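*Asks:* below are the sequence and a predicted model; questions follow.
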Amino acid sequence: MKSTTILKSLIERPEILVMPGAYDPLSAKLVEQAGFDAIQVSGLGIAASHLGMPDVSILSLSDVCDRTRAIVNATSLPVMADGDTGFGNAVNVWYTVQGVEATGAAGINLEDQVMPKRCGHLDGKEVISCEEMVGKIRAAADARKDPDFIINARTDALAVEGLRATITRANAYFEAGASMVFVDGADHLDTISALADAFHGPLAINMVEGGKTPDNMTFDELQQRGVARVSLPVSTLLSAIHGMQQALAHIQKTRTTAADPALFADFTETHALMGMDHVYGLERRFMSPHQWADKYSSRTARRTS
């Protein structure tokens, strides 16, 4: 089954779809290893990890396509790309969707913020008119080659224009061809219920540790309130930053890199995650016995046989 069709079915099923964010192939592999069903590419994660810069429209379409393609190639899970504002007007959105779809992604986020955009859980957001965003969604729907390719229309209007305007925008986006509408910065369960009840299609939200997300929201509660999909865009990024900070502080303090399972992943297991066992298998398959014996000691040969 196509990844687009898989993602569409996951969104349409009664059970909520939880999509952790990935910002590189390694984080994508870890999301898959943890047993999740789909991956959300994090634009903030890409900007932070690859450029060391904030999420303020610094990434280009080429950046997004290159990073998304690498993530898609690293996992068997369906991947939702982050297209930001589409890098311009409706014409730019048309080319953005064609470029992102060619990476193998199963869908794309497109948002109604004014460019340059910013993280949806920060203050100071501005949105374009509903009319302009409708044109962008129409362009996105026209550009996709696979009708199951998910167009996830993100709106940041809740913090700017309020609940009623957000509902009006969302249903206009559905009518224009959006597969799902993602309301960023939803900060109350009652608000989420009102959105789900009024939407003419699937509702998506996100949960950001330290952002506007209430600490008491659970996936089960969101499912009961009618949410179809929840993304966790920075969970992997924030935990990775914290882990590296802890490990580096430990190294500075102890003046050693002694393996501590509380701080460091297992070295051998990390190589296995990257596919090193497959490399060993290919060597055994295609190298002559003499070449292989010269390359490895008897101890290594026993371990990889």
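*Replies:* Structure's in. What do you need? Numbering: from 1, shown residues only.
*Asks:* where does pLDDT dip in the stretch 201-305 of the chain?
*Replies:* 297-305 (pLDDT under 70).
*Asks:* what about the strands in it?
*Replies:* Using DSSP state E, counting those that start in this stretch, the strands of the stretch 201-305 of the chain run over residues 203-206, 227-232.
*Asks:* format those strands as CSV; extra columns: mean neighbour count and distance to residue 83.
*Replies:* Every C-beta, even on glycine, is put in place using the N, C-alpha and C of the backbone. Below are the strands of the stretch 201-305 of the chain laid out as CSV (neighbours: other C-beta atoms under 10 Å; distance: least, C-beta to C-beta, whole Å):
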stretch, mean neighbour count, distance to residue 83
strand 203-206, 26, 14
strand 227-232, 24, 14
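*Asks:* residue 10 touches residue 78, doesn't it?
*Replies:* Yes. Here residue 10 reaches residue 78: they are 7.3 Å apart, a contact under C-beta atoms under 8 Å.
*Asks:* if we can go back for a sec, closest to residue 292 out of the strands of the stretch 201-305 of the chain?
*Replies:* strand 227-232 (43.6 Å; C-beta to C-beta).
*Asks:* what does that closest one contact?
*Replies:* 10-12, 16-21, 40, 80, 180, 182, 192, 196, 202-207, 219, 222 (C-beta atoms under 8 Å, 6 or more residues apart in numbering).
*Asks:* tell me the mean pLDDT for stretch 64-84?
*Replies:* Rounded to a whole number, the mean pLDDT of stretch 64-84 is 97.
*Asks:* for it, measure first residue to last.
*Replies:* 9 Å (C-alpha to C-alpha, to the nearest Å).
*Asks:* what about stretch 57-72, distance to the chain center?
*Replies:* 12 Å (C-alpha atoms, centre = their mean, to the nearest Å).
*Asks:* need phi/psi at residue 189.
*Replies:* phi -60, psi -40 (degrees, to the nearest 10).
*Asks:* mind checking pLDDT for it?
*Replies:* Predicted confidence (pLDDT) for residue 189: 92.
*Asks:* how many neighbouring residues does it have?
*Replies:* 17 (other C-beta atoms under 10 Å).
*Asks:* ok, the one 4 residues further on next?
*Replies:* Using other C-beta under 10 Å, residue 193 is surrounded by 17 other residues.
*Asks:* who are the contact partners of it?
*Replies:* Counting by C-beta under 8 Å, 6+ apart, residue 193 has contacts 225, 226.
*Asks:* what strand or helix carries it?
*Replies:* For residue 193, the host element (DSSP states H and E) is helix 189-198.
*Asks:* chain center to that helix: distance?
*Replies:* Distance, centroid of helix 189-198 to centroid of chain: 23 Å (C-alpha atoms, centre = their mean).
*Asks:* which parts of that helix count as buried, going by neighbours?
*Replies:* Going by neighbour count (16 or more other C-beta atoms under 10 Å), the buried part of helix 189-198 is 189, 191, 192, 193, 194, 195, 196.
*Asks:* then that helix to PDB, C-alphas only?
*Replies:* Once non-C-alpha atoms are left out, helix 189-198 reads as follows in PDB (Å, rounded to 0.1, in the frame of the first residue of the first chain):
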ATOM      1  CA  LEU A 189      -9.700  21.000  26.000                       C
ATOM      2  CA  ASP A 190     -13.000  22.900  25.700                       C
ATOM      3  CA  THR A 191     -11.600  24.900  22.700                       C
ATOM      4  CA  ILE A 192     -10.500  21.700  21.100                       C
ATOM      5  CA  SER A 193     -14.000  20.200  21.500                       C
ATOM      6  CA  ALA A 194     -15.600  23.200  19.900                       C
ATOM      7  CA  LEU A 195     -13.200  23.000  17.000                       C
ATOM      8  CA  ALA A 196     -13.800  19.300  16.400                       C
ATOM      9  CA  ASP A 197     -17.600  19.700  16.600                       C
ATOM     10  CA  ALA A 198     -17.600  22.500  14.100                       C
END
